[in-house]
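K.L.:
Predicted model follows, preceded by the sequence.
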Amino acid sequence: MKKVIFSLFLALLFPLLTAAPAHAQVTTFPVLKVIDGDTIVVNVRGKKETVRLLGIDTPETVDPRKPVQCFGKAASDKMKFFVNGKSVILVDEKTTQGNRDKYNRLLRYVYLPDSKRTFVNGEMVKQGYAFSYREYPTRMLAKFNAEEAYAKSHNLGLWGSCPLNKTSTISTSQTTISKASTAPKAAEAAVQTTNSNTNSGGTFTCSGKTKCGEMTSCAEAKYYLNVCGVSRLDGDHDGVPCESICN
């Protein structure tokens, strides 16, 4: 009888001893600094590494070649809210983007090690602090596009505060605007002014073109650079896109 009871005890105890923990242990990395809304510095095993968040793009605040863009500081502050003083989980996507970009920054999805596994990249887009970065698509592109559509339809963040081209995929005004000029009518007027300055000689829309070979004219190339935000058209960053057709 004792052997039977002991056997039953072992049968009940064994699954408890061998079961996997409810939450597998993950490696986290302390955040040392927030550079802007889509770039942070973390401590990776004793080494400072700059991390560019995959799949999103926020208005500029630190690029010396550009003025501070509308909602740039707000996006930077939001990133600080998410990660300052915390440790984060970093996940790569080497299949589509590689491990690092041309500036040697790590390309990563960033998660918080909380009970929700908060996806920082996605929340930045969903709450209207970042754009879905279509120029360099990732496997999460559809998710980011959906979150951008949600923020846009609800006028969240930059979508309710900045002069934006409503048909563009990635478009931020190059002109810094004050908080007092964020009313919808003022924003729409700013968009029309931007379009009239960059769209002379034709009617263009941001329809997903990303290469100089796809441009029909210099005017269209300038439109895609200045309004649609396709920065790769200006490889040497001199303000002139597609120099083969704009010289």
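P.N.:
That came through, no problem.

K.L.:
Quick one: distance of the host helix or strand of residue 223 to the chain centre.
P.N.:
Of the helices and strands defined by DSSP states H and E, residue 223 is found in helix 218-226. Computed by C-alpha atoms, centre = their mean, to the nearest Å, the separation of helix 218-226 from the middle of its chain amounts to 23 Å.

K.L.:
And the helices in the chain?
P.N.:
Along the chain, counting by DSSP state H, helices occupy 2-18, 72-83, 120-126, 141-153, 184-198, 218-226, 243-246.

K.L.:
If you average pLDDT over each of the ones you listed, which is lowest?
P.N.:
Mean pLDDT is lowest for helix 184-198 among those, at a mean of 37.

K.L.:
Closest to the centroid, which residue in this protein?
P.N.:
Among the residues of the chain, the smallest C-alpha distance to the mean C-alpha position (C-alpha atoms, centre = their mean) belongs to residue 56, namely 1.5 Å.

K.L.:
Tell me which residues touch the nearest residue to it once chain neighbours are set aside, please.
P.N.:
Closest residue to residue 56 in three dimensions, ignoring its sequence neighbours and counting by C-beta to C-beta, 6 or more residues apart in numbering: residue 130, at 4.2 Å. Where you see a C-beta, it was placed from the backbone N, CA and C, and this is true even at glycine. Residue 130 makes contact with 37-38, 56-58, 75, 121, 124, according to C-beta atoms under 8 Å, 6 or more residues apart in numbering.

K.L.:
Pick the one among those closest to residue 141.
P.N.:
Looking at the contacts of residue 130 and their distance to residue 141, the nearest is residue 56, at 10.6 Å (C-beta to C-beta).

K.L.:
which residues does the closest one form a beta bridge with?
P.N.:
Partner residues in beta bridges with residue 56: residue 132, with DSSP bridges as the criterion.

K.L.:
looking at it, it is touching residue 135, isn't it?
P.N.:
No - with contact defined as C-beta atoms under 8 Å, residue 56 does not reach residue 135; the gap is 11.3 Å.
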